[in-house]
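Enquirer: have a look at this prediction, sequence included:
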Amino acid sequence: MRKLLTLLLWLTPLGMLLAAPPVYTPVTPRALVFPEDFGAHENFRNEWWYMTGWLETPDRQPLGFQVTFFRPTTEHDEDNPSRFAPKRLIIGHAALSDPKAGKLLHEEKSMREGFGLAYAKAGNSEVKLDEWYFVREADGRYRTYVEGDDFALELSLTPTQPLMLQGLDGFLRKGSKPGLASYYYSEPHLQVSGTVTRDHRAIAVKGSAWLDHEWFSEYLDPNAEGWDWTGINLDDGSALMAFQMRGKDGGRIWAYAGLRDPSGHMTIFSPDEVSFHPVRTWRSSRTDAVYPIAMRIRTGNIEWQLEPMIDDQELDSRFSAATIYWEGAVTVTRDGQPAGRGYLELTGYDKPLSM
């Protein structure tokens, strides 16, 4: 869902330098328009392109991966003519879940937008962050490359299904109050090929992935502590996205689920039809945060159970996004039967998100 709204906390010192904060475009119901909406939307406060998936090596070993690019707008005066004015940032997170490593390997990077070194272009999905990039080609395929000290990913992602518009044709509410909404579409069942580099050795991989693209100006209810989210590629060709916003009082503020069947029919579940129930928790020895890494989710009369590939899939992004979260590869059962694979994101468990 991409996600991590505490990026704004990281930007607070910049805002204190400025006299005239920008005015953001509100999110109101409208039809998404393509190809324009593949690209960046600079008049909105935040935006991200978020990829997660399962990969397989030639010896049939599973790997999970995450690549996310964020485009937050700062509080800097938009009328400032300086090319050095930090009006927007580009932030990247990359992660690899490897059962052999026993923990999440992750990298992060951030730069102010500009000078051809960091940008998110309008009109098409094209994001650059130094040597990291994510781009949509003319034929609809995506390419991405990220590298760090422990691993590198160079992947091609090919759509096999139409876009999955979340909510009301891409307008997705995140709460009962006006303005708590985003524009949001997904691309499930992307076919993935490429290489994962470990220890200076490139390994061919193939697999499937999920892409979310989301943009918004106002997002988190002030009473919210964080959220739980999942995107699942189901074995029969179906796709499920579900989330809940958790309140600081321990209750639930909002929930949503969208389930698309193999024929393309979309079922939208109302907040009272969606529930998340922790099955098993894991405590991080690094941060002492406790995450519900095994989760039971109900959507209507369907019960899903998510189990992690490995327990330790915590991502510490305090350097770039001022937050810590759990982002992990999971297997999924439907009413007790094996059903698919996806990702689970858990935020606000280290400390409540604040915006």
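Expert: Thanks, I have it.
Enquirer: for the chain, just list every one of the helices.
Expert: 7-15 (DSSP state H).
Enquirer: max-length strand in it?
Expert: In terms of residue count, the longest strand belonging to the chain (DSSP state E) is strand 181-198.
Enquirer: how far off centre is that one?
Expert: Relative to the centre of its chain, strand 181-198 is centred 10 Å away, using Cα atoms, centre = their mean, to the nearest Å.
Enquirer: what about the protein, any weak spots by pLDDT?
Expert: For the chain, the stretches with pLDDT under 70 are 1-21, 74-88, 115, 219, 318-322, 352-355.
Enquirer: which helices and strands sit right next to the longest strand of the chain?
Expert: If you count contacts as 3 or more Cβ pairs under 8 Å, 6 or more residues apart in numbering; DSSP states H and E, strand 181-198 packs onto strand 46-56, strand 152-158, strand 164-165, strand 171-173, strand 201-216, strand 224-234, strand 239-247. All C-beta spots, glycine's among them, are computed from the backbone N, C-alpha and C.
Enquirer: may I have the first one exported as PDB, CA atoms only?
Expert: If I follow you right, that is strand 46-56. Taking C-alpha atoms only, strand 46-56 is exported to PDB below (Å, rounded to 0.1, in the frame of the first residue of the first chain):
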ATOM      1  CA  ASN A  46       3.000  11.400  -1.500                       C
ATOM      2  CA  GLU A  47       3.300   8.700  -4.100                       C
ATOM      3  CA  TRP A  48       4.900   5.300  -4.400                       C
ATOM      4  CA  TRP A  49       5.600   2.400  -6.800                       C
ATOM      5  CA  TYR A  50       5.800  -0.800  -4.800                       C
ATOM      6  CA  MET A  51       6.800  -4.200  -6.100                       C
ATOM      7  CA  THR A  52       6.900  -7.500  -4.100                       C
ATOM      8  CA  GLY A  53       7.200 -11.000  -5.300                       C
ATOM      9  CA  TRP A  54       8.400 -14.600  -5.000                       C
ATOM     10  CA  LEU A  55      11.400 -15.800  -7.000                       C
ATOM     11  CA  GLU A  56      12.900 -19.200  -7.600                       C
END
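Enquirer: where exactly do the strands run in the stretch 251-355 of the chain?
Expert: 252-260, 266-269, 274-283, 290-299, 302-308, 314-316, 324-334, 337-346 (DSSP state E, counting those that start in this stretch).
Enquirer: can those strands go into TSV with extra columns for mean neighbour count?
Expert: Below are those laid out as TSV (neighbours: other Cβ atoms under 10 Å):
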stretch	mean neighbour count
strand 252-260	22
strand 266-269	15
strand 274-283	15
strand 290-299	20
strand 302-308	19
strand 314-316	21
strand 324-334	23
strand 337-346	22
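Enquirer: need those in TSV (columns: distance to residue 167).
Expert: Shown next, in TSV, are these (distance: least, Cβ to Cβ, whole Å):
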stretch	distance to residue 167
strand 252-260	7
strand 266-269	7
strand 274-283	13
strand 290-299	15
strand 302-308	19
strand 314-316	26
strand 324-334	22
strand 337-346	18
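Enquirer: of all those strands, which one comes closest to residue 210?
Expert: Among the strands of the stretch 251-355 of the chain, the nearest to residue 210 by Cβ to Cβ is strand 337-346 (6.6 Å).
Enquirer: where do the strands of the stretch 1-150 of the chain begin and end?
Expert: 46-56, 62-70, 89-98, 103-112, 118-120, 126-129, 132-136, 142-147.
Enquirer: determine which of those strands approaches residue 227 most closely.
Expert: Among the strands of the stretch 1-150 of the chain, the nearest to residue 227 by Cβ to Cβ is strand 46-56 (13.5 Å).
Enquirer: tell me what that closest one is packed against?
Expert: strand 62-70, strand 181-198, strand 201-216, strand 324-334, strand 337-346.
Enquirer: who touches the closest residue in space to residue 242 that isn't next to it in sequence in this structure?
Expert: Spatial nearest neighbour of residue 242, excluding adjacent residues (Cβ to Cβ, 6 or more residues apart in numbering): residue 257 at 3.8 Å. Contacts for residue 257 (Cβ atoms under 8 Å, 6 or more residues apart in numbering) come out as 240-243, 268-269, 273-274, 297, 299.
Enquirer: for residue 250, same thing?
Expert: Residue 250 touches nothing, counting by Cβ under 8 Å, 6+ apart.
Enquirer: now do the one 4 residues further on
Expert: When contacts are counted by Cβ under 8 Å, 6+ apart, residue 254 touches 173-176, 180, 221, 244-245, 271.
Enquirer: ok, now how distant is the residue lying closest to it once chain neighbours are set aside from residue 56?
Expert: If the residues on either side of it in the chain are set aside, residue 254 comes closest to residue 245, at 4.4 Å by Cβ to Cβ, 6+ apart. With distances taken as Cβ to Cβ, to the nearest Å, residue 245 is found 34 Å from residue 56.
Enquirer: between the two, who's got more neighbours?
Expert: Each of residue 245 and residue 56 has its neighbours counted (other Cβ atoms under 10 Å); residue 245 has more, 24 against 15.
Enquirer: which residues does residue 258 contact?
Expert: Applying Cβ under 8 Å, 6+ apart, the residues near residue 258 are 164, 166-167, 240-242, 266-269.
Enquirer: so how far is residue 185 from it?
Expert: Going from residue 258 to residue 185 by Cβ to Cβ gives 11 Å.
Enquirer: identify the contacts common to these two.
Expert: Taking Cβ under 8 Å, 6+ apart as the criterion, residue 258 and residue 185 both touch 164, 166.
Enquirer: buried ones in the longest strand of the chain?
Expert: Neighbour counts over strand 181-198 (16 or more other Cβ atoms under 10 Å) mark 181-190, 192, 194, 196, 198 as buried.
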